[in-house]
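Chemist: Give me the fold of what follows.
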Amino acid sequence: MGIKISGIIERYNEAFGVTAQKVAPRLVQLANLEGININLPGLDVYSNDSTDFANVTFKNSLDSDKVYRFGVNSSDNKALPFFKFQSTQDSQGFLAPPPMVSFKRGKHAVITPIDRTGYEVIENFGLRSWQIRMQGILVDSDSHNYPQRLVKKITEMFEAAGTYAVEGTIWDDLDIQEVFFKDDYQISFVEGYVDTVKYSVSLISTSQAEFIVQGQ
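Modeler: Here you go, the predicted model:
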């Protein structure tokens, strides 16, 4: 038994608050394309046939079998088939719906004030790595019990050694090709939904070469 898109949005709302509806308009957009009328005050959703811009894939640098895909298969207009995780790279299965992701970045800079003046000397030594926060939900849509298998799968993703090659529209736009799952991994229940668990984790942009040098 599947879960309608409206049900997924309700779970996002319970897990992260009303703001989740505003940062995940893709699901609302997909629902509207399917003829499901979801009215969210203050959120404009426009007609667009492309609903895959939030999909993301992580491929482990040390284990080619560790491939994790997040997204929605829009070819199915009745329910979201992301629950059917399959380990093959060419699988159409998804581990979970698209995560909510935020990105933060600074510069390596030394700012020195000039004595008795209103001026400063700024020495720019380059960009820092992207600091990334990723969060979302895991849902058991088959038996509507605690999603144990999915929790184990995403925990496996966090605990695995090595970095991950990442593929996704916004990741490409920010020129992020490799990430390391860093810290602050959290799992918690979503009140009112026994079949839903919330996760969040911090990542950092990197490269395989940087990771190997630092690990020696």
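
Chemist: sec struct for the residue nearest to Gly162 when sequence neighbours are not counted, please.
Modeler: Spatial nearest neighbour of Gly162, chain neighbours left out: Leu62 (3.5 Å); criterion: Cβ to Cβ, 6 or more residues apart in numbering. Quick note: C-beta positions are derived from backbone N, CA and C, even for glycine. Of the three states, Leu62 takes coil under DSSP: H, G, I helix; E, B strand; the rest coil.

Chemist: do Arg11 as well
Modeler: Using three-state DSSP, the structure places Arg11 in helix.

Chemist: List the residues that contact it.
Modeler: Neighbouring residues of Arg11 by Cβ atoms under 8 Å, 6 or more residues apart in numbering: Ile137, Val139, Val190, Tyr193, Thr196.

Chemist: just the strands in this structure please.
Modeler: For the chain, the strands defined by DSSP state E cover 56-60, 67-70, 100-104, 107-113, 120-127, 131-139, 164-168, 178-190, 193-205.

Chemist: Mean pLDDT and mean neighbour count added to the ones you listed, as TSV?
Modeler: TSV is the format used below for these (pLDDT from 0 to 100; neighbours: other Cβ atoms under 10 Å):
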stretch	mean pLDDT	mean neighbour count
strand 56-60	94	19
strand 67-70	91	20
strand 100-104	92	14
strand 107-113	88	10
strand 120-127	86	9
strand 131-139	92	21
strand 164-168	95	18
strand 178-190	94	15
strand 193-205	93	20
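
Chemist: Switch these over to CSV; also include distance to Ile154.
Modeler: Output for the strands of the chain, formatted as CSV (distance: least, Cβ to Cβ, whole Å):
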stretch, distance to Ile154
strand 56-60, 10
strand 67-70, 8
strand 100-104, 15
strand 107-113, 32
strand 120-127, 29
strand 131-139, 6
strand 164-168, 13
strand 178-190, 8
strand 193-205, 6
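
Chemist: Please identify which of the ones you listed is closest to Tyr146.
Modeler: Between Tyr146 and those, the shortest gap by Cβ to Cβ is with strand 193-205, which sits at 6.4 Å.

Chemist: which helices and strands sit right next to the closest one?
Modeler: For strand 193-205, the elements it packs on are helix 5-16, strand 131-139, helix 148-159, strand 178-190, judged by 3 or more Cβ pairs under 8 Å, 6 or more residues apart in numbering; DSSP states H and E.

Chemist: how much does that strand deviate in direction from strand 178-190?
Modeler: Orientation note: strand 193-205 sits at an angle of 160 degrees relative to strand 178-190 (axes from the mean of the first three to the mean of the last three Cα atoms, to 10 degrees).

Chemist: quick one, what contacts Gly71?
Modeler: Residues near Gly71 by Cβ under 8 Å, 6+ apart: Asp52, Ala54, Asn55, Val56, Phe82, Phe94, Pro97, Pro98.

Chemist: again, only using 7 Å
Modeler: Contacts for Gly71 were tallied using Cβ atoms under 7 Å, 6 or more residues apart in numbering; they are Asp52, Ala54, Asn55, Phe82, Phe94, Pro98.

Chemist: excluding its backbone neighbours, what's nearest it?
Modeler: Asn55 (3.3 Å).

Chemist: Please report how far the one you found lies from Val151.
Modeler: Using Cβ to Cβ, to the nearest Å, Asn55 is found at 21 Å from Val151.
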